[in-house]
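A.B. asks: Sharing a sequence plus its predicted fold:
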Amino acid sequence: MSEIERREFLVRAAGSAAAFAFVPSVLGATAWPFKAEFRVGVVGVGRQGRAVLGELSKFDNVKIAAMCDTDERRLAAGLRRASGAEGFPTVEAMLQSGSVDAVVVATPTHTHKDVALAVMAAGKHLYCECPLAHTREDCSAITQAARGAKGVIAAGFQGRSNPVYQLARGFYRTDSLRDMLTMRAQYNEKTTWISPAADQDRYKKLNWKLDPEVSLGLAGEFGAQQFDVFHWYTERYPVRVVGRGSNRAYEDGRNVHDTVNLMLEFDDGSVLQYASTLGNSYQGAHEVFYGTHSAIKLAWSHGWMFKESDAPTQGWEVYANRQQFHNDEGITLIAGATQLAEQGKLKEGVGLPHPALYYALENWITCIASGETPACTVAEAARATAVGIAASEAVQSGKAVDIDLAGL
Amino acid sequence: MQTDGPTMRAFEAMGTRFECVLAGIMCAHESSARSAIAEEIERLVLDWHHALSIFDPSSTVSRINASRRSVRVNRDLLELLERCVAYSGATDGVFDITLGSVMAARGFRDHRPATASSGADALELDRAESTARLNRTGVALDLGAIAKGFVLDRCADELRDLGVSSALLHGGTSSVTAIGTAPDDSPWRIRIADDHAGAPTVELIDNSLSVSSPSGRTVEGQGHILDPRSGRSAAGVEHACVVGPSAEVCEAWSTAIVVDPALLDRLPSGYAGHALIDGAWRSTNERLVSV
């Protein structure tokens, strides 16, 4: 075998190791098992609902058959995004119409329970956005209903269905980190978090995230999604959380903090540090595991492993794609690395071609066809949400909150 | 309720820089609400960027280009494609959104296709099913000649719905739309950057402007605006400007006039044009020229 042939062989072999969790849909069109159109309804066509419409439209043989919103303008705007869909002012009307097989719930968090229960009672498949609900009681109610539900019930904690996160978890579980030292995550996005409206009543209704009576704030709305990544990887949940919040970016009289800092403590002594601000976008959303052999950084569409100099080198790493960040060199973690390398597309900064929401919806719809359990069940979502609720309480009260997941 | 000074926001989308200036806004919480509206506009533009971009393999347009089967499209995009077919007819085929492969073959993209063809007849639109399909191999859509104008019209609609009475938005300084007047109650004034005598300053009040130029992007000295009839780069018209109510219409026609200056005399009713041809500015409406 010549040197060139040997390099090609190693690249292919290396790629196959890096492609531990290769998912064909990452790179190509999604082929669905449905022969006839599968009809989905979307409840709530605000910002997240519109994102759902956009991703659902990418799937062959999945028809957005109906949508529902109590806000007429949003419903009208949503209907223009999905031609042929029928609009309904209430979820009951939509379910009674018989026009859908499955429903995505993308309404405000504090309304999830009523909508989710109605969908499950109607025997439809359900995908409920994250966080699952805004109280433990609502989480319990949804979980209870899901146990007896006929359809496939999934929740929108997107890390578990994310191909990069699945790949990286393989490395985590096969000791690439070695001894876990600490964890960190952040969600930074410079945004007012306001949905503008000319009418004051509509303004108040659209901006529920800034209503302290119902909003879980940054800790719950964003944090819960990211905490779940750590739950999934470590198979542990934190037992205590302390936090602080303040308004540092916006002086508009808001009562929900625009900047929060949290420390979540686990029973093995490890700690997850979390920060989130609406005043700055630097480094966006990401999660980091620090270990004695490497650090793994996950940033939703991308992932990297940063090896320590004294960590053993695996054969595949020699030809792996790398990206430089100041003094640190990260090995790119991307599912399907072998195929990308063969197509000459394995390059610096390569990431997933679709947003994480796409893969979460894909997983749900695939499970509807196959009967498999979704990547994130409602039970797992309830536990992750409960951690988010506790974190939100810690921020609002300024006191440490014990996290008890009994009964969830 | 109070009004306050302008808010400005800039962001990258559609391969260029968009900027918006929001002036007249009635709101209870000044700075946050203005910022929120500016964010909404940025989000709207980026949503359409993701739907229309030929550089994003998951965009709707990319999926139409990649498949010879019918692709479901949303109502707004279907109607845009229908209008593009109409613009093609109105300009005798000079405006053409099916030049994607030809552009790539000429080196204006990062890949060279095996075959390159064009023609509005290759685009099949089904209004009832809301689908679009290319029925001929080698043809690809490229909405670069109209996307900015289309998006600016959507932004203007959104801003008016939100009660904004004075605003200026532009995409890449070549497509501009104005809502109301400038903060000092005078028209928004846009100077066409050109050294020839008679270069116009356009005054906009609830109006839009598009400026097309073949020298915007070049490959081997050849401009990016192609004549669909020959496949060659357009020459002879250095700048074409169209003013009117719709930024999208302005952009379609300014692009077409660069290819065929005779179209300057066939602008739709309510639209005015100005073009630099062989070193001299020619206008269909002298009100466009500010001395």
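C.D. replies: Thanks, I have it. Residues are numbered from 1 along each chain as shown, chains lettered A, B, ... in the order given.

A.B. asks: A:M94 looks like it's in a helix, true?
C.D. replies: Yes - if the criterion is DSSP: H, G, I helix; E, B strand; the rest coil, then A:M94 is within a helix.

A.B. asks: wait, it sits on A:A102?
C.D. replies: No - using CB atoms under 8 Å, A:M94 is not in contact with A:A102; the gap is 11.8 Å. No exception for glycine: its C-beta is placed from N, CA and C like everyone else's.

A.B. asks: Phi and psi next, for B:S175.
C.D. replies: phi -130, psi 130 (degrees, to the nearest 10).

A.B. asks: Quick check: it vs chain A, distance?
C.D. replies: B:S175 sits 22 Å away from chain A, going by CB to the nearest CB, to the nearest Å.

A.B. asks: give me the element the closest residue to that residue other than its chain neighbours is part of.
C.D. replies: Closest residue to B:S175 apart from its sequence neighbours, by CB to CB, 6 or more residues apart in numbering or on different chains: B:K148 at 4.1 Å. Using DSSP states H and E, B:K148 maps to helix B:147-161.

A.B. asks: Now for the residue nearest to B:C250 when sequence neighbours are not counted: which residues touch it?
C.D. replies: Counting by CB to CB, 6+ apart, B:C250 lies nearest to B:S210, which is 3.7 Å off, once chain neighbours are set aside. Shown in contact with B:S210 (CB atoms under 8 Å, 6 or more residues apart in numbering or on different chains): B:G149, B:S174, B:S175, B:V176, B:C241, B:V242, B:A247, B:C250, B:E251, B:W253, B:S254, B:T255.

A.B. asks: Need the pLDDT of B:R83.
C.D. replies: At B:R83, the predicted lDDT confidence score is 97.

A.B. asks: same thing with A:E5?
C.D. replies: pLDDT, A:E5: 37.

A.B. asks: And the residue nearest to B:C250, which helix or strand is it part of?
C.D. replies: Going by DSSP H and E, B:S210 is in strand B:208-212.

A.B. asks: rewinding a little: which residues do A:M94 and A:A102 both contact?
C.D. replies: With CB under 8 Å, 6+ apart as the test, A:M94 and A:A102 both reach A:G41.

A.B. asks: Report the contact partners of A:A155.
C.D. replies: Neighbours of A:A155 in contact, by CB under 8 Å, 6+ apart: A:Y127, A:C128, A:E129, A:C130, A:L132, A:P374, A:C376, A:T377, A:V378, A:E380, A:A381.

A.B. asks: these two touch, right, B:G107 and B:R217?
C.D. replies: No - counting by CB under 8 Å, B:G107 stays clear of B:R217, with 10.4 Å between them.

A.B. asks: Which residues of chain A lie near chain B?
C.D. replies: For chain A, the residues in contact with chain B (CB under 8 Å from any CB of the partner chain) are A:29, A:47, A:50, A:54, A:57-58, A:63, A:73, A:79-84, A:191-192, A:194-198, A:200, A:203, A:250-254, A:353-354, A:358.

A.B. asks: In ChimeraX, how would I select the buried members of these?
C.D. replies: To isolate the buried members of these in ChimeraX, using 16 or more other CB atoms under 10 Å in any protein chain shown:
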select /A:50,54,57,58,63,79,81,82,83,191,192,194,195,196,197,198,203,250,252,254,354,358
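
A.B. asks: residue ranges for the helices of chain A, please.
C.D. replies: Using DSSP state H, the helices of chain A run over A:3-18, A:47-56, A:72-81, A:91-96, A:112-121, A:136-147, A:163-173, A:200-206, A:217-218, A:224-234, A:337-342, A:356-370, A:378-397.

A.B. asks: A:M94 and A:A102: which has the busier surroundings?
C.D. replies: Taking other CB atoms under 10 Å in any protein chain shown, A:M94 and A:A102 do not tie; A:M94 has more neighbours (26 against 22).

A.B. asks: Share the number of residues neighbouring the closest residue to the more buried one other than its chain neighbours, please.
C.D. replies: In space, A:M94 comes closest to A:F88 once its chain neighbours are excluded; the distance is 4.0 Å by CB to CB, 6+ apart. Using other CB under 10 Å, A:F88 has 22 neighbouring residues.

A.B. asks: how near is A:F88 to A:G44?
C.D. replies: Distance, A:F88 to A:G44, using CB to CB, to the nearest Å: 12 Å.

A.B. asks: Show me whatever sits in contact with both of these two.
C.D. replies: Jointly contacting A:F88 and A:G44 under the rule CB under 8 Å, 6+ apart are A:C68.

A.B. asks: lowest-confidence helix or strand of chain A?
C.D. replies: Of all helical and strand segments in chain A, the minimum by mean pLDDT, DSSP states H and E falls on helix A:3-18, at a mean of 34.

A.B. asks: Pull up the residues of the stretch 51-200 of chain B that are close to chain A.
C.D. replies: So the stretch 51-200 of chain B meets chain A at B:51, B:57-58, B:60, B:63, B:66-67, B:72-76, B:78, B:129-130, B:161-163 (CB under 8 Å from any CB).

A.B. asks: Go again with 10 Å.
C.D. replies: Contact residues (CB under 10 Å from any CB of the partner chain) of the stretch 51-200 of chain B with chain A: B:51, B:56-60, B:63, B:66-67, B:69, B:71-79, B:127-131, B:158-164.

A.B. asks: how close does the nearest residue to A:P163 once chain neighbours are set aside get to chain B?
C.D. replies: Leaving out its chain neighbours, the residue that sits closest to A:P163 by CB to CB, 6+ apart is A:A335, at 3.8 Å. Distance, A:A335 to chain B, by CB to the nearest CB: 16 Å.

A.B. asks: count of neighbours near residue 117?
C.D. replies: Picked chain A for this. Close neighbours of A:L117, defined as other CB under 10 Å, add up to 18.

A.B. asks: my bad, the chain I had in mind was chain B
C.D. replies: The number of residues packed near B:S117 is 18, by other CB under 10 Å.

A.B. asks: again with A:G98
C.D. replies: Residues within reach of A:G98, counting by other CB under 10 Å, total 10.

A.B. asks: circling back to that earlier point, need the residues touching each of B:G107 and B:R217.
C.D. replies: In terms of CB atoms under 10 Å, 6 or more residues apart in numbering or on different chains, B:G107 and B:R217 are both contacted by the residues B:H224.

A.B. asks: A:P374 touches A:A102, doesn't it?
C.D. replies: No - in this structure, A:P374 is not within contact of A:A102 by CB atoms under 10 Å, at 12.0 Å.

A.B. asks: ok, the nearest residue to A:H286 once chain neighbours are set aside to A:T332 distance?
C.D. replies: Leaving aside its sequence neighbours, A:H286 sits nearest to A:A299 (CB to CB, 6+ apart; 4.1 Å). Plainly put, A:A299 is 11 Å away from A:T332 if you go by CB to CB.

A.B. asks: just B:A23 next, same as before
C.D. replies: For B:A23, the distance to A:T332 - CB to CB - is 45 Å.

A.B. asks: can you check B:A33 too?
C.D. replies: On the measure of CB to CB, B:A33 and A:T332 end up 41 Å apart.

A.B. asks: cool, and A:R169?
C.D. replies: Distance from A:R169 to A:T332, by CB to CB: 16 Å.

A.B. asks: Great, nothing more from me.
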